[in-house]
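A.B. asks: predicted structure and sequence below. I'll ask about it afterward.
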Number of protein chains: 2
Amino acid sequence: MPEQERPALPPNQLRLRRLGIDTYQEPVLYMHRDCHVCRSEGFEAQSRVELSLGGRTIVATLNVVSGDIVSVDEAGLSEAAWRLLQARDGDQATLRHPAPIESLGHMRSKVYGKRLGAAQLDAVVQDIAAGRYSDLELAAFITACAGDRLDIEETTALTRAMVSAGERMAWSTSPVMDKHSVGGLPGNRTTMVIVPIVAACGLVMPKTSSRAITSPAGTADTMETLAPVDLEVAQIRRVVERTGGCIVWGGAVRLSPADDILIRVERPLDLDSPGQLVASVLSKKIAAGSTHVLIDMPVGLTAKVRSSHAAAVLARQLELVGKALGVKVLVVQTEGQAPVGRGIGPALEARDVLAVLRNEAGAPADLAQRALLLAGRLLEFGGATAAGQGAALAAQVLADGRAWRKFQDICEAQGGMRVPPVAPCQQPVLAGHAGTVIAIDNRRLARIAKLAGAPIDACAGLDLHVRPGELVERGQPLFTLQAETPGELGYALDYALQADAVHVMEEAR
Amino acid sequence: MPEQERPALPPNQLRLRRLGIDTYQEPVLYMHRDCHVCRSEGFEAQSRVELSLGGRTIVATLNVVSGDIVSVDEAGLSEAAWRLLQARDGDQATLRHPAPIESLGHMRSKVYGKRLGAAQLDAVVQDIAAGRYSDLELAAFITACAGDRLDIEETTALTRAMVSAGERMAWSTSPVMDKHSVGGLPGNRTTMVIVPIVAACGLVMPKTSSRAITSPAGTADTMETLAPVDLEVAQIRRVVERTGGCIVWGGAVRLSPADDILIRVERPLDLDSPGQLVASVLSKKIAAGSTHVLIDMPVGLTAKVRSSHAAAVLARQLELVGKALGVKVLVVQTEGQAPVGRGIGPALEARDVLAVLRNEAGAPADLAQRALLLAGRLLEFGGATAAGQGAALAAQVLADGRAWRKFQDICEAQGGMRVPPVAPCQQPVLAGHAGTVIAIDNRRLARIAKLAGAPIDACAGLDLHVRPGELVERGQPLFTLQAETPGELGYALDYALQADAVHVMEEAR
């Protein structure tokens, strides 16, 4: 329509402003109702908006603002949006309508009960990894795949797609050993004992771990109190070449990034989704270049897997998908009722690990036993010893100090060993009456440790002094709170005194 | 544990602050990372938090703020949260962890493919209506019910639950007529012609309508340019007693409030869910006390229902659920390819309606014909005339001015008739070349009308001058933009000149 003059509109650019709002993971954009871009593009609350800055492009969900927290020529960003766009205050970003996301059609097909093929799952996963799905769309995809709605072929294709959507490590040796625990128990830091035992026996075990998402400590948080864990791929490779093992944070490596995005929507929905669990676990391991993956599957009423039968079904799926993707999977059911070790919180859990590795007299026996069981199975699985001999070999390597020396080597190679911090503020929580400890509530203990400051304050958390079944006297310490500041100690104590996290049954008189 | 002193903590109260952030519908709470309530309760980004103020209680999703948009002793609220809590600046609200939502267990059962019973659906709907579900949980429930996953019994139970969760109107007469259009076409304002015809023939038709959610005008917006529509239940009752009909906004009446909440998450997900569509439509009608419901179902490639077969399946479900709940349902398939009438935008659509009611020479024939078809079926359905006689009766009542007089009576009873506003800024968009109009893109026309300011500016929108198949000359106006301000006219024009919303095919030479 050439004969009509077009009005001269300002370009779709706005000055970026960091609002410091943590929306968990969804990139959110805050635009003023009267902003010219908002008006001219017809954006409304909940619109999906594409932002470009210096070659980077993200899609964010719009919240329209009528107050004064952003001005009409600004685009406010949530922390996730700010991070993904690598923005600096005052940067000018370009805003536009995003291209239609074709893979949403596949997502809808899945909702309607159709099977998805490999190409379709690939398109969905690529778009998720690129941040193109809103939280609502992620929730719909997760729901559509929950329960038994992914068959083995789909689970295999989903796993493969998740591997392809990220980086991938390759190792020149074989086997490459790995382990994963399903639905962690508090304090379950066996990885830090297993890796040095396995590496000391000549097997290669490059272990990437996660930081805490909702727990008081992840393995990466705990390891970080002893050595740097935020290593790049080339550094990881050097550590593994020198020592045969590593214990690093997986987040810097971008292995299966779609998994990180899905998991943050899965968690609040709390849906059982065996297919997605299999794809989540195996995609990370395959992307890390592992050939032999041992799955530690704690079974217990308060664990993620509640029965032996459910564990067997899940194990079968893990093995089948692993086989289809060329990785050997071995599932080991373990006891999943009680927390492991004594400390809860990064430095306190590190102290337990060190006690085991150094064969100290007071080392937590449950942590040592779990680690030896799993290390033994890994040694047999990787061919370092004959079937039935693994546990004995693992025990020997731990007892004679080889595991401890290997652990020190790994810490040195990762950048130098550190001494974990000790909390300046400590306070015991005492038994109000004599009796028998009949229950320990893992969730409440985890919350107390987080209120005390874990995992952000590495020294914070709590030290458990009693085990289920133990007799205690009135006034005997049940656990000791540890915090960086008196204020945090106060918050944790206040909750601890109400929460009855360690339940003592009074004796009949 | 009585022997330990508890630290004196401030109560879980914070000063409320309205942040003016429109999150669409989800109540969102913004708390500073260092706020004492955040710390002591262990709240994190995405936590669900219960807020109480003056006897009202809501559950909001937390965004944690590290910047300065809220201070450490404030709780910032999104617009939805502010509205639901009926807060005023400076009010002190109490914050705590919400009680666990038991119906989420039923939601998860549905995700895993189990059938839900009436009591379970009732619990889910009660919690949704009370605002206890997060957007993610709503998305999971909607996804779990999409496609063919709700059978007739479940759809019936869901409909009944949605009726029970809100208010309900009762009428002393019978029949009580009603109509609903599935997936509205732009400009499809037949309601405002049908109600006066039906009421003029002695049937009772108390019609509640919606405002626009994503369209340039809802029937309530259009009617509001001619008379007040925001009436309370007692006022509605008086209007209907006096005139036999009304055309009011349903939002003030709180009929099936869970539907309003679900629909705002359904819309961005864009999932087909016949069960939820049936429950949505019929729950509103049953709550409004209707006994005879005519469903206008436009069928067309760009309409919500795309084939006659799909329409028949949906019609059967509507009839069965209606029967189970004691309401008669009649589904009429209509043509769903083209927009109806000429105006798009509240005042422009009202002008079309007035032209039809007044039998003006230039009145849009398509609007009149659709309205007469549906009014005729309603007259037969309600027993005001014999089968086959409805259309003729409707045409007669329209032609002899009875419909127009009845419409004026209704407007007077609702609070007084008004003259719709006329836009001060108008600009035609011209054909760039001669040829045949071969396509009109309803979605793009709707966006142009919204950019011009509709429905917020009642006078804004556009007037379509051509129909598909028409021959046009170069420079002939295709449509005229109408806006309140030159700026809005500019935005709309800029988009209109790019959008090719009316496609003219050049003649071969």
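C.D. replies: It's in. Residues are numbered from 1 along each chain as shown, chains lettered A, B, ... in the order given.

A.B. asks: ok, which residues in the stretch 401-509 of chain A are in contact with chain B?
C.D. replies: A:429-432, A:447, A:450-451, A:475, A:487-488, A:490-491, A:493-495, A:497 (Cβ under 8 Å from any Cβ of the partner chain). All C-beta atoms are positioned from the backbone trio N, CA, C, and that covers glycine.

A.B. asks: nearest spatial neighbour of residue A:393, chain-adjacent residues omitted?
C.D. replies: Leaving aside its sequence neighbours, residue A:393 sits nearest to residue A:385 (Cβ to Cβ, 6 or more residues apart in numbering or on different chains; 4.9 Å).

A.B. asks: residues near the one you found, how many?
C.D. replies: Look at residue A:385: counted by other Cβ atoms under 10 Å in any protein chain shown, it has 16 neighbours.

A.B. asks: so what's it up against?
C.D. replies: Residues in contact with residue A:385 (Cβ atoms under 8 Å, 6 or more residues apart in numbering or on different chains) are A:201, A:379, A:393.

A.B. asks: how near is it to residue A:207?
C.D. replies: With distances taken as Cβ to Cβ, to the nearest Å, residue A:385 is found 20 Å from residue A:207.

A.B. asks: got it, and residue A:397?
C.D. replies: From residue A:397 to residue A:207 the distance is 17 Å (Cβ to Cβ).

A.B. asks: so between these two, which is more surrounded?
C.D. replies: Looking at residue A:397 and residue A:207 with other Cβ under 10 Å, you find the greater number of neighbours at residue A:207, namely 27 against 23.

A.B. asks: secondary structure class for that one?
C.D. replies: strand (DSSP: H, G, I helix; E, B strand; the rest coil).

A.B. asks: identify the bridge partners of it.
C.D. replies: Listed by DSSP bridges, the beta-bridge partners for residue A:207 are residue A:247.

A.B. asks: next one: it from chain B, what distance?
C.D. replies: For residue A:207, the distance to chain B equals 27 Å [Cβ to the nearest Cβ, to the nearest Å].

A.B. asks: show me what contacts that residue?
C.D. replies: A:178, A:179, A:191, A:195, A:245, A:246, A:247, A:248.

A.B. asks: repeat for residue A:41
C.D. replies: Taking Cβ under 8 Å, 6+ apart as the test, what residue A:41 contacts is A:12, A:49, A:95, A:96, A:97.

A.B. asks: can you give me the neighbour number for the first one?
C.D. replies: As a burial measure, the neighbour count of residue A:12 was computed by other Cβ under 10 Å and equals 18.

A.B. asks: in this structure it contacts residue A:92, no?
C.D. replies: No - contact criterion Cβ atoms under 8 Å: residue A:12 and residue A:92 do not qualify, at 10.4 Å.

A.B. asks: now do the strands in the stretch 201-350 of chain A.
C.D. replies: A:205-209, A:245-249, A:292-299, A:328-335, A:343-344 (DSSP state E, counting those that start in this stretch).

A.B. asks: I'd like the ones you listed as TSV, with mean pLDDT appended.
C.D. replies: Formatted as TSV, the strands of the stretch 201-350 of chain A follow (pLDDT from 0 to 100):
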stretch	mean pLDDT
strand A:205-209	94
strand A:245-249	96
strand A:292-299	95
strand A:328-335	94
strand A:343-344	94
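
A.B. asks: residue A:64 is in contact with residue A:44, correct?
C.D. replies: Yes - Residue A:44 lies in contact with residue A:64 (Cβ under 8 Å); the separation is 6.6 Å.

A.B. asks: okay, the two: which has more neighbours?
C.D. replies: More crowded of residue A:44 and residue A:64, by other Cβ under 10 Å: residue A:64, with 23 against 15.

A.B. asks: now the stretch 51-200 of chain A against chain B: closest residue?
C.D. replies: residue A:67 (2.6 Å; Cβ to the nearest Cβ).

A.B. asks: for residue A:46, helix, strand, or coil?
C.D. replies: Under three-state DSSP, residue A:46 falls in the coil class.

A.B. asks: quick revisit: from chain B, how far off is the residue nearest to residue A:393?
C.D. replies: According to Cβ to the nearest Cβ, residue A:385 stands 43 Å off from chain B.

A.B. asks: what pLDDT does the model give that residue?
C.D. replies: At residue A:385, the model reports a pLDDT of 97.

A.B. asks: in three-state terms, label it for me.
C.D. replies: Per three-state DSSP, residue A:385 ends up coil.

A.B. asks: got the phi and psi for residue A:14?
C.D. replies: Here is the backbone geometry of residue A:14 (degrees, to the nearest 10): phi -140, psi 150.

A.B. asks: next helix or strand past the host helix or strand of residue A:155?
C.D. replies: Residue A:155 is part of helix A:152-164 when elements are defined by DSSP states H and E. Sequence-wise, the next helix or strand beyond helix A:152-164 is strand A:177-181, with elements assigned using DSSP H and E.

A.B. asks: residue A:80: what's it in contact with?
C.D. replies: Taking Cβ under 8 Å, 6+ apart, one finds A:22, A:23, A:24, A:25, A:26, A:27, A:28 in contact with residue A:80.

A.B. asks: now it. Nearest residue, chain neighbours left out?
C.D. replies: residue A:27 (4.8 Å).

A.B. asks: what is the neighbour count of residue A:485?
C.D. replies: 15.
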